[in-house]
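In: Give me a 3D structure for the following:
(2 chains)
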Amino acid sequence: MADTLIRNLAIPLGQILVVLGVVSLVVTYLTLLERKILGFMQLRLAPRRVGPHGILQPIADAVKLLIKEDIVPDKADRLLFTLAPILTIIPAFTALAVIPFSGGGTIDLFGYSIHPWIADVNVGVVFLLAISSLGVYGIMLGGWSSNSKYSMLGSLRSAAQMVSYEVPFGFSIIGVMMLSGTASMVGIVEAQRAAHVWYFVPQFLGLFLFFVSGVAETNRLPFDLPEAESELVAGFHTEYSGMKFALFFLAEYTSMIIIASIATTLFLGGWMRPFPNVEALGWLNLGLDWISPVLPGVFWFATKTFLVLFVYLWLRGTFPRYRYDQLMRLGWFWMIPLSIANVVATGLAVILAR
Amino acid sequence: MFRTEMMDINMGPQHPATHGVLRLKLLLDGETVTDTDVIIGYLHRGVEKLCETKNYHMIEPYTDRLDYVAAMYENLGYVETVEKLMGVKVPERAEYIRVITAELQRIASHLVWLGTHALDIGAMTVFFYCFREREIILDLFEAFCGARLTYNAYRIGGLPWDLPPGWTDRARHFVKIFPERQKEYDTLLTKNRIWLGRTKGVGILRAEDAIDFGVTGPCLRSAGVDYDLRKAHPYSVYDRFQFDVPVTYNCDTYDRYLIRMEEMRQSTRIVEQALDHLPAGEVMAKVPKRIKPPAGEVYHTVEGPRGELGFYIVSQGEDKPYRMRFRSPSFVNLQALPHMIRGSLVADVVAVIGTLDIVLGDVDR
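Out: Numbers count the residues shown, from 1 in each chain, chains lettered A, B, ... in the order given. Presented below is the predicted three-dimensional model:
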């Protein structure tokens, strides 16, 4: 009885707490990283005041947001206004459940072996698609319930954007599922090891489409239309302040991490080191496997995720913002046909190779 | 039962993209702008009236505050108008220094335009790059006249001081490095697909409309009208320099971008030539401490970064102007805004405000 409880309740709960804690910390530091990288690109210093080189800045920001006055506009729908940020953050965190942060072994703790992921669902990819599209509810309701015109325009844009980019987002993943023959995230990584090639080589178009629609899904430049600082002031979160605003913020950055993690898992070999099948390159594990077989995986997973995130920030430093109609045109006229073509081409290749 | 409704939306006076205290009342059908009401007057300072209570020397610092992004031109326009009224001959050296500083000011002003315009369209990095170069110019101005924004740098009859030692070398250094720096903006924007998409065909202002509205400066030249006061009615010593006036024919935001980029290159050329031929000698003509121009009226214009900058003075032979009037390009150009954005999207509104390059100090006096 106790054993079952621990196995099915305590361990998953512990995993969830660890993942939430670590990801929240990573998110706060991602904001610092973003400011540092943009500062580097834009010839300015970025935060330097709080702590050495500003490394305590995210904590200061978090404290500031927590103790800030929480304003609800007079004519806002109070219930939905409060609910909206929560509705945004929940799907963002839920998606973390199926991401395999490492592989190659288990962590042994008090006689229980624990996987370095919360759940290995056999429909992991589909689960991700389903969950990630829920975030738009929060944005929609937040913008609408503020009873502000700028917010409403932002949320309408967001809804249209999600609808258009959800399709290529889903289609771009199908190629990977066809090649690996599974929808389990762990299975896809293992299939890449078996195929002796990471899927960004045969699925480079898929990766490109996935990343572009991922950027659009997370409302980041050049697709940050729902926010569009210079047009809509701050779009859907114009009226939000304090912790409610922080939740939106947290959700956006968590979604970025999730998109980067999915890209890593599906296209970049997940937790595997470069050339995982070449024994001679074992030194690439940096000796971490002497401590625990899980650690090199975590290291490589984090490195690859960081690289994808860096591209995110790089885009923000480089590109202007799309216009609403151009964004939709790009989505419907280019992304969707291309993603369908990718699926068809992959299907033909799989059949011919058989 | 179900119908779509037009929506009124106030853009400004506090809005990140209205470049000051401009208020636009937009009537939106979805995101399409069907009508615009431009509401100004939030920065009204009554400068014209104020000037009529001050003597001619005391007016000059007020002109700085008109267009604070290109204060050097306001100074230039004003002192040249009074000089024309009085018939003062300004020493050669002072004229050359005026041309150098004024053209540097044009570059500095265009850099603010480029930075904020790009920021409105979402390209953040360009903004910081532009300010890096603007800082160099402002440092030069600070060494020249002690101020970085409101210069009060010229005097009726010349300049209060000569250039400080080493200034010309620093200016030469700037014109040498600036073309390289400008290539960086080019790389980020000129062929960028998103930038092209956001600016091509946006905010069309045809020549006949531009002339009807009285639009001048780069906005007029983008419509194919070759009208630059430096060539059309040469003032100061502009007729001695080789430079081209860029003209394009597509009348859109992208063309205005190209024109201002080219104007920065041409200004660099002028500064280079002026530095090469900078004569020695006095910088101040003999002008009485208490100026009493003869009775009469005068209208004088200079080509500011935003267009025709005009000064109208009526003198009754006293030490104060009887009537003072400024023709500010931002104010006149802003008239064309409703015409330019009718039927376009909300996102285009900010692009068009940016491309008009208005300064609200120049609009609301």
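
In: show me the contacts for the nearest residue to residue A:265 once chain neighbours are set aside.
Out: If the residues on either side of it in the chain are set aside, residue A:265 comes closest to residue A:185, at 5.3 Å by CB to CB, 6 or more residues apart in numbering or on different chains. Every C-beta, even on glycine, is put in place using the N, C-alpha and C of the backbone. Contacts were defined as CB atoms under 8 Å, 6 or more residues apart in numbering or on different chains; by that measure residue A:185 touches A:98-100, A:117, A:120-121, A:124-125, A:128, A:265-266, A:270.

In: Take these and keep only those in helices.
Out: Using DSSP state H, the members of the contacts of residue A:185 that fall in helices are A:124-125, A:128, A:265-266.

In: tell me which of those residues is nearest to chain B?
Out: Of all the ones in helices among the contacts of residue A:185, residue A:266 has the smallest distance to chain B: 26.7 Å, by CB to the nearest CB.

In: Hmm, that closest one is touching residue A:175, no?
Out: No: taking contact to mean CB atoms under 8 Å, the distance of 9.3 Å between residue A:266 and residue A:175 leaves them out of contact.

In: Report the set of residues contacting both of those two.
Out: Common contact partners of residue A:266 and residue A:175 (CB under 8 Å, 6+ apart): residue A:199.

In: got the residues of chain B near chain A?
Out: If contact is defined as CB under 8 Å from any CB of the partner chain, the residues of chain B in contact with chain A are B:7, B:9, B:15-17, B:31, B:118-125, B:127-129, B:132, B:188-189, B:192, B:194-195, B:197-198, B:345-350.

In: how about a cut-off of 6 Å?
Out: B:9, B:16-17, B:31, B:120-123, B:125, B:128, B:132, B:194-195, B:197-198, B:346-347, B:350 (CB under 6 Å from any CB of the partner chain).

In: any idea how far residue A:144 is from residue A:158?
Out: Using CB to CB, to the nearest Å, one gets 11 Å for the distance from residue A:158 to residue A:144.

In: ugh, wrong one, residue B:221
Out: The span separating residue B:221 from residue A:144 equals 45 Å under the rule CB to CB.

In: More neighbours: those two, which one.
Out: In terms of neighbours (other CB atoms under 10 Å in any protein chain shown), residue B:221 is the more surrounded of residue B:221 and residue A:144; the figures are 27 against 21.

In: Apart from its chain neighbours, what residue comes closest to that one?
Out: Counting by CB to CB, 6+ apart, residue B:247 is the residue found nearest to residue B:221 once chain neighbours are left out, at 5.1 Å.

In: my guess is the one you found meets residue B:228, correct?
Out: No: using CB atoms under 6 Å, residue B:247 is not in contact with residue B:228; the gap is 8.9 Å.

In: Could you tell me how many residues sit around the one residue in the stretch 101-250 of chain A that gets nearest to chain B?
Out: Distance from chain B to each residue of the stretch 101-250 of chain A (CB to the nearest CB) is smallest for residue A:230, at 4.1 Å. With neighbours defined by other CB under 10 Å, the count for residue A:230 comes to 21.

In: That one should be in a strand, yeah?
Out: No: residue assignment for residue A:230, taken from DSSP: H, G, I helix; E, B strand; the rest coil, gives helix, which places it outside any strand.

In: Tell me who's in contact with it.
Out: If you count contacts by CB atoms under 6 Å, 6 or more residues apart in numbering or on different chains, residue A:230 has them with B:16-17, B:120, B:350.

In: With residue A:261 instead?
Out: Residue A:261 is in contact with A:99, A:305, counting by CB under 6 Å, 6+ apart.

In: would it count as being in a strand?
Out: No: with three-state DSSP as the criterion, residue A:261 is helix rather than part of a strand.

In: do you know how far it is from residue A:19?
Out: With the distance defined as CB to CB, residue A:261 ends up 11 Å from residue A:19.

In: Quick check: which element contains the residue nearest the centre of chain A?
Out: Using CA atoms, centre = their mean, the residue of chain A that lies closest to the mean C-alpha position is residue A:258, 2.0 Å off. The secondary structure element spanning residue A:258 is helix A:242-267 (assigned by DSSP states H and E).

In: now residue B:38
Out: When elements are defined using DSSP H and E, residue B:38 is found to belong to strand B:32-39.

In: for the record, mean pLDDT for whatever helix or strand comes next after that strand?
Out: The first helix or strand that comes after strand B:32-39 along the chain, using DSSP H and E, is helix B:47-51. Within the predicted structure, the mean pLDDT of helix B:47-51 is 89.
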